[in-house]
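Visitor: how would this look folded up:
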Amino acid sequence: MERLQDIELFNGVNAQELELISPKVIVKHFKRNEVLFHIGDSIQDVFIILEGNLEICSYDIGGNKKLVTLLEEGEMFAESVALGEDHISPFDIIAMKELKVVYITKEAMFEFPKKVLENLIRILSTKNTFLTHKLECLNKNTVKERLYEVLNFYHIKQRSHIIKLPFNKTQLAEYLCVNRSSLSREIHLMEKEGIIKANKQEYILNKDYF
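Guide: Residues are numbered from 1 along each chain as shown. Model (predicted):
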């Protein structure tokens, strides 16, 4: 119950209600690099990360990995598939380290208090905004435009000109669907132009551009 109180899905749910919820929440463990779901797998449950992190990805026609997103402790995943009509995963979901998750059946989800469903709608709306931004990134024609788009998104989200991305350089290249060397070259050029300063996953953004 103490762990459930820290999960966004259960924000505002009182202790008495959590006592009724906890028996319907099942804990499952996965090893590092273990695939939770492959593309095409059926998903019937909603999952929340208790410990560890994971990546959600797809692949192009050449077999190159395209990163959709990274998820950390407390974040929910597979809910759109489980609560949708087809229940077919469009992505691979892979544990990046030792992973502990809780999962809830879709039937149990709709038996939960109204506050849980309100939280679910808010979480889904936030994810929809994120995916809209991802599409906006991919609609850009150049590496520079895609990189600027993601930096500006996190600048607005973190409300700072010093931001930290959740991606390392390889993951960022996969997220933007570009070649890693092309991305590194563009970061170097933007630094020479004075637009950004990069240090691993931290970026200092020039206020004249952001």
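
Visitor: Leu99 pairs with what?
Guide: Taking DSSP bridges as the rule, Leu99 bridges to Phe30.

Visitor: please enumerate the helices of this structure.
Guide: Per DSSP state H, the chain carries helices over the ranges 2-5, 15-21, 79-83, 106-109, 114-138, 143-158, 169-176, 180-192.

Visitor: ok, Ile204 to Thr170 distance?
Guide: Computed as C-beta to C-beta, to the nearest Å, the Ile204 to Thr170 distance reads 21 Å. No exception for glycine: its C-beta is placed from N, CA and C like everyone else's.

Visitor: now Tyr154
Guide: Here Tyr154 is placed at a distance of 18 Å from Thr170 (C-beta to C-beta).

Visitor: looking at these two, which has the bigger crowd around it?
Guide: Ranked by neighbour count (other C-beta atoms under 10 Å), Tyr154 and Thr170 place Tyr154 first, with 18 against 12.

Visitor: contacting residues for the more buried one?
Guide: Counting by C-beta atoms under 8 Å, 6 or more residues apart in numbering, Tyr154 makes contact with Ile163, Lys164, Leu165.

Visitor: most neighbours among these, which one is it?
Guide: Among those, the one with the most neighbours (other C-beta under 10 Å) is Ile163, at 22 neighbours.

Visitor: pLDDT at the closest residue to it other than its chain neighbours, what is it?
Guide: Counting by C-beta to C-beta, 6 or more residues apart in numbering, Tyr154 is the residue found nearest to Ile163 once chain neighbours are left out, at 4.6 Å. Here, the pLDDT recorded for Tyr154 equals 95.

Visitor: again, but for Glu202
Guide: At Glu202, the pLDDT value in this model is 97.

Visitor: what's across from it in the sheet?
Guide: Glu202 has these beta-bridge partners by DSSP bridges: Lys164, Asn199.

Visitor: quick revisit: which among the helices of the chain is found nearest to His29?
Guide: Nearest to His29, of all the helices of the chain, is helix 2-5, at 14.3 Å by C-beta to C-beta.

Visitor: counting by contacts, list what that closest one packs against.
Guide: Applying 3 or more C-beta pairs under 8 Å, 6 or more residues apart in numbering; DSSP states H and E, one finds that helix 2-5 makes contact with helix 15-21.

Visitor: ok, 10 Å please
Guide: Packing partners of helix 2-5 (3 or more C-beta pairs under 10 Å, 6 or more residues apart in numbering; DSSP states H and E): helix 15-21, strand 45-51, strand 99-105.
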